[in-house]
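A.B. asks: Quick check, what structure comes out for this input:
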Amino acid sequence: MQAAPVRPPSVTDALLLLEGLLFGGGQRTARRNAWSAVLEDRRRAKDRREAEHVLEAVSARAPQAT
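C.D. replies: The predicted model follows:
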């Protein structure tokens with residue numbers, strides 16, 4: 001059984017490899033930053049919900065001014 005001939009890398013292959021080496025860390029950093037932003041948004045949303053519940057509870061107990 002003969003092995004398949006090995007073709008030399010194309011210019012596109014070489015550029016993709018180079019891009020991966022140069023920008024790989026940047027993409028990881030971008031993903032990490034995006035995930036941190038998602039977690040921060042979730043935390044702020046939770047804080048808003050809790051504040052809303054507190055305000056509703058306080059307003060329900062306060063006498064209504066007429």
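
A.B. asks: What number of residues are in the vicinity of Glu56?
C.D. replies: Neighbour count for Glu56, taken as other Cβ atoms under 10 Å: 10. The C-beta positions use only the backbone N, C-alpha and C, and glycine is treated the same way.

A.B. asks: Return the per-residue confidence for it.
C.D. replies: pLDDT recorded at Glu56 is 94.

A.B. asks: Kindly report the same for Arg32.
C.D. replies: For Arg32, the model assigns a pLDDT of 85.

A.B. asks: Now do the SS call for it.
C.D. replies: At Arg32 the chain is in helix, as set by DSSP: H, G, I helix; E, B strand; the rest coil.

A.B. asks: go on, Val6?
C.D. replies: Strictly by three-state DSSP, Val6 counts as coil.

A.B. asks: Do me a favour and get the backbone dihedrals for it.
C.D. replies: The phi/psi pair for Val6 (degrees, to the nearest 10) reads phi -90, psi 120.

A.B. asks: how near is His34 to Ser10?
C.D. replies: Wrong residue type there; residue 34 is Ala, not His. 32 Å (Cβ to Cβ, to the nearest Å).

A.B. asks: Could you list the low-pLDDT ranges of the protein?
C.D. replies: 1, 3, 62, 64-66 (pLDDT under 70).

A.B. asks: the helices in it, which residues?
C.D. replies: Per DSSP state H, the chain carries helices over the ranges 11-61.

A.B. asks: how near is Ala4 to Asp41?
C.D. replies: From Ala4 across to Asp41, the span is 50 Å (Cβ to Cβ).

A.B. asks: and if you look at Pro63?
C.D. replies: Distance, Pro63 to Asp41, using Cβ to Cβ: 37 Å.

A.B. asks: Which one's more surrounded, these two?
C.D. replies: Comparing Pro63 with Asp41 by other Cβ under 10 Å, the one with more neighbours is Asp41, at 10 against 5.
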